[in-house]
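> sequence and predicted structure are below.
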Amino acid sequence: MTTPPLVAFPGQQPHARDVNTASLCRIGQETVQDIVLRTMEIFQLLRNMQDRLGKLQEHLRMLSVLFRKLRLVYDKCNQNCSGLDPVPPEQLIPYVEDDSSKHDEHLAGQTRPAPEDRREVLEVNKKLKQKNQQLKQIMDQLRNLIWEINSMLAVRS
């Protein structure tokens, strides 16, 4: 049994020949399978979007909880520190000056340290500079030794 010529599907050329019913059933079955496959993919994508949305909402909820916790800690710190005298931040940060600026600026409005204390500080600084120089020399020697070892290994290979 033959049917009239088939109408062209998108992307296909119309056939001039007759198509039998079995071929039409096979084409219909393939089309239904494609529809089911694409529908399943759509539901899978929607499920993934829903999972991602759930994860995003959970992260946002946890951020909200953490910000509330931070606010409580901040308020408690302010409450505990309310009776303290405020200290300027400049005094809380250690500041290292060179020797020439110490005499001019830092000690201008303050009392001078005892001469023996100053002498002791200068001696410690001098010893520290010597030790730093020795360490630098040792590091240079080690660097040269490693370079030579690597060169020998490269030649051996």
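Great, that's in hand.
> quick check: what element follows the lengthiest helix in the chain along the chain?
The single longest helix within the chain, with elements called by DSSP state H, is helix 21-81. Downstream of helix 21-81, the next assigned helix or strand under DSSP states H and E is helix 89-92.
> on that earlier part again, which helices and strands does the longest helix of the chain pack with?
Using 3 or more C-beta pairs under 8 Å, 6 or more residues apart in numbering; DSSP states H and E, no helix or strand is in contact with helix 21-81. Where C-beta positions appear, they are placed from N, C-alpha and C, glycine not excepted.
> let me know the average pLDDT across it.
The average of the pLDDT scores along helix 21-81 is 91.
> now it, how far from the centre of its chain.
With C-alpha atoms, centre = their mean, to the nearest Å as the basis, helix 21-81 stands 24 Å off its chain's centre.
> now stretch 130-150
35 Å.
> got a list of contacts for stretch 43-50?
Outside stretch 43-50, no residue is within contact range by C-beta atoms under 8 Å, 6 or more residues apart in numbering.
> mind listing what Leu135 touches?
If you count contacts by C-beta under 8 Å, 6+ apart, then Leu135 has nothing around it.
> so it, which state does it fall into?
Put simply, Leu135 is helix when judged by DSSP: H, G, I helix; E, B strand; the rest coil.
> and it, how far from Leu128?
The gap separating Leu135 from Leu128 is 11 Å, by C-beta to C-beta, to the nearest Å.
> what is in contact with these two at once?
Common neighbours of Leu135 and Leu128 (C-beta under 8 Å, 6+ apart) do not exist.
> which residues are in contact with Lys76?
The contact partners of Lys76, by C-beta under 8 Å, 6+ apart, come to none.
> quick one: it and Arg52, what's the gap?
36 Å.
> do the same with Cys77
Applying C-beta to C-beta, the value for Cys77 to Arg52 is 37 Å.
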